[in-house]
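**Student:** model this:
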Amino acid sequence: MNRNIRAEMARHELTVEKVAKVLKVSAVSVSNKLNGKRPWALDEAKTLVDYLNSLGGNHTIESLFYDNLSELAKVK
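**Tutor:** Residues are numbered from 1 along each chain as shown. Model prediction:
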């Protein structure tokens, strides 16, 4: 699930620490989320999407947080 997020972080040269600052959480929290140890909160997802879009992206929560539509169908 976090493959797309990691790809965008690399594309924009964003560190875990920078993402943590944007989300106003600790770097450990972001690391745990990226590694699947903790879930992303909806407000964090929205904030991250908005931030990446401000850098020139055209993302949605679905495009960042789901690798394919079959994953999304499992959630519903």
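**Student:** where's residue 37 relative to residue 26, distance?
**Tutor:** Distance, residue 37 to residue 26, using CB to CB, to the nearest Å: 13 Å. Just so you know, the C-beta spots here come from the backbone N, C-alpha and C atoms, and that holds for glycine as well.
**Student:** Neighbour count for the two, which is higher?
**Tutor:** Comparing residue 37 with residue 26 by other CB atoms under 10 Å, the one with more neighbours is residue 26, at 13 against 10.
**Student:** List the contacts of that one.
**Tutor:** When contacts are counted by CB atoms under 8 Å, 6 or more residues apart in numbering, residue 26 touches residue 20.
**Student:** That one and residue 32: what is the separation?
**Tutor:** Relative to residue 32, residue 26 is positioned 9 Å away (CB to CB).
**Student:** cool, residue 56 as well?
**Tutor:** Residue 56 sits 28 Å away from residue 32, going by CB to CB.
**Student:** higher neighbour count, the two?
**Tutor:** A direct count of neighbours by other CB under 10 Å for residue 56 and residue 32 places residue 32 higher, at 14 against 8.
**Student:** contacting residues around the host helix or strand of that one?
**Tutor:** Element membership of residue 32, judged by DSSP states H and E, is helix 27-34. Identification of contacts with helix 27-34 by CB under 8 Å, 6+ apart yields 2, 5, 6, 16, 17, 19, 20, 23, 38, 39, 40, 44.
**Student:** Remind me which helix or strand the fifth one belongs to.
**Tutor:** Secondary structure here is read from DSSP H and E; on that basis residue 17 sits in helix 16-23.
**Student:** Enumerate the positions of that helix that are buried.
**Tutor:** 16, 19, 20, 22, 23 (16 or more other CB atoms under 10 Å).
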